[in-house]
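>>> just the structure for this:
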Amino acid sequence: MKRRVRIFLWIWSLLWNLGTPLVLGYLFLRARRDKDYGAKLGERFGVYKNSAPVDVWLHAVSLGELRSAVPLIIGFLSRKERVVITTFTPAGRQEAERVFASAIAEGQLAVVWVPVETAWAWRRFLRQFCPRFGLVMEIEIWPRMVFAARAAHVSLFMCNAQYPSKSIKRDSKGLRLRQHIMSGFAGAFVKSELQARRFAAVGVQNIAITGELRFDQPVPEALVSGGFKARRALGLEGKRVVAFVSTIEGEDPVYIEAMKALLALHDNIVFVYVPRRPERFELVRKTLASAGLEVVMRSEILPNELNAHAQFVPLSSGTQVILGDSLGEMYFYLSLAQSVVVGGGFSPKGAHNIIEPLALGKPVFTGPETFTIEYPFTEAAEAGVAQSVVDARALVAALEAREQPTEAQIQAFFSEHSRAVPRFFAALPELLVAAEKTGR
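Okay, the predicted model is just below:
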């Protein structure tokens, strides 16, 4: 380990230890809006009531990362592997507990909070669960996590990883600490040949190209069937429906401008609007209403369980926006629409997952900031099934364009990029052996 990294780790640990009261304060503040942030606080410090050795530890920081991990976790469970999932946000934890409820009940899988960034909290976690190896979804770089796993002889890999060009430019300046810490991983399962070259260039060893796991996500047929039924029952058949999904802070004005422009062009258009974070549901409702849009909440008009047998009530004639105030129902919302605008692209944080709408054959649009989804967005744009635009006016023009990608085009693109899970399991044994040989 380089001297600068050792010094940084010492300072990093000191800050986290001294800042523990601030961490607790942050969690309590977040718990005022979402009580789950304050639940099971002991887990944040490596204290677990019921823990047992596992085969695989998988870290998915939030909802998006957890969803991308679902097909992989299903693969581990089918191989009778025992799994522990760590996550930071309640949304990620709730989704894991919902999707894997039966495995949790059978004791094959556990979901816990990720420990805070202190050496002692990570030692407790690793001592209690004793994983054979670990996988960090996407590119979460937490120094103590990386080097605690290394000290405990637990091979920790980046998984479904990509290194966006914007991040490379930022990390390559100054002391390049993030890149030095990245090289502490045992290896990486990456999305493409380009990503493999990028990780190798900063010192990451033991790299396998396995593709994008989100292409292998199971599509929940009950939600899709519920969506098809809802289109008829809500009176949406014959109407144009555009979905704005995974929208985040700062983007609402862009989407409101686009919606108003589209309403001026069409009298038979309805929007589905799904904020990414549940804390924003009520705020977004007020924002849309104050902009003069007629909004109804999903919770006000739809049954709790959405499937082909659900009972629906038609929308009132003046409804312009259905606000999706629920979690775990993305495929339902997507199935209502003909076109999908994916959020994040009009924010410096970058665009979110475009694969779920493509899985249902929906053309995708997003803002200019696509560095977070460089793969597969570049390939999807070249195939003509996804498009980025610079502002609300350009978004309206793209949605109004006469030539739109066909469902057959989208399905062909999707098929070409699937089967990441088999590629992962084919590469895993070799990378585990390589990591052991290199002492990682």
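>>> now the helix ranked longest in the chain: buried residues?
Across the chain, the longest stretch assigned as helix under DSSP state H is helix 420-437. Along helix 420-437, these residues count as buried under the neighbour rule (16 or more other CB atoms under 10 Å): 420-421, 423-424, 427-428, 431-432, 434-435. For glycine as for every other residue, the C-beta is placed from the backbone atoms N, C-alpha and C.
>>> can you check stretch 11-24 too?
So for stretch 11-24, counting by 16+ other CB under 10 Å, buried means 12-13, 16, 23.
>>> from the residues you listed, which is closest to Ser316?
Comparing these against Ser316 with CB to CB places Val23 closest, at 46.4 Å.
>>> helix or strand next in line after the strand or helix carrying that closest one, which one?
Val23 is located in helix 20-33, with elements delineated by DSSP states H and E. For helix 20-33, the succeeding helix or strand toward the C-terminus, using DSSP H and E, is strand 56-59.
>>> now that following strand: how far from the chain's centre is it?
Centroid separation between strand 56-59 and its chain, computed with CA atoms, centre = their mean, to the nearest Å, is 16 Å.
>>> against which helices or strands is it packed?
helix 63-78, strand 83-87, strand 133-137 (3 or more CB pairs under 8 Å, 6 or more residues apart in numbering; DSSP states H and E).
>>> format these as JSON lines; extra columns: mean neighbour count and distance to Arg440.
What follows is those, written out as JSON lines (neighbours: other CB atoms under 10 Å; distance: least, CB to CB, whole Å):
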{"stretch": "helix 63-78", "mean neighbour count": "21", "distance to Arg440": "21"}
{"stretch": "strand 83-87", "mean neighbour count": "25", "distance to Arg440": "20"}
{"stretch": "strand 133-137", "mean neighbour count": "24", "distance to Arg440": "10"}
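>>> just put those in a markdown table and tack on mean pLDDT and distance to Pro368.
Output for the helices and strands packed on strand 56-59, formatted as a markdown table (pLDDT from 0 to 100; distance: least, CB to CB, whole Å):
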| stretch | mean pLDDT | distance to Pro368 |
| --- | --- | --- |
| helix 63-78 | 94 | 20 |
| strand 83-87 | 97 | 30 |
| strand 133-137 | 98 | 25 |
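>>> quick check: angle from the longest helix of the chain to strand 133-137?
Taking axes from the mean of the first three to the mean of the last three CA atoms, to 10 degrees, one finds that helix 420-437 is oriented at 130 degrees with respect to strand 133-137.
>>> mean confidence for helix 420-437?
Helix 420-437 shows a mean pLDDT of 95 in the predicted model.
>>> packing partners of that helix?
With contacts taken as 3+ CB pairs under 8 Å, 6+ apart, helix 420-437 sits against helix 63-78, strand 155-161, strand 187-190, strand 207-209.
>>> contacts for the second one, please.
By CB atoms under 8 Å, 6 or more residues apart in numbering, the list of residues contacting strand 155-161 from outside reads 58, 68-69, 72, 132-139, 145-146, 149-150, 182, 185-191, 195, 199, 204, 206, 210, 212-214, 420, 424, 431-432, 435-436, 440.
>>> tell me which helix or strand comes right after it.
In the C-terminal direction, the helix or strand that comes right after strand 155-161 (DSSP H and E) is helix 165-171.
>>> mind listing what's buried along that following helix?
Of the residues in helix 165-171, those with enough neighbours to count as buried (16+ other CB under 10 Å) are 167, 171.
>>> now find how far off-centre it is within its chain.
With CA atoms, centre = their mean, you get 20 Å for helix 165-171.
>>> other SSEs contacting it?
Helices and strands touching helix 165-171, as assessed by 3+ CB pairs under 8 Å, 6+ apart, are absent.
>>> pLDDT on that helix, on average?
89.
>>> following element in sequence after that helix, please.
Toward the C-terminal end, the helix or strand that comes next after helix 165-171 (DSSP H and E) is helix 177-182.
>>> circling back to that earlier point, nearest approach to Arg277 belongs to which of the helices and strands packed on helix 420-437?
Ranking the helices and strands packed on helix 420-437 by their distance to Arg277 (criterion: CB to CB) puts helix 63-78 first, at 8.7 Å.
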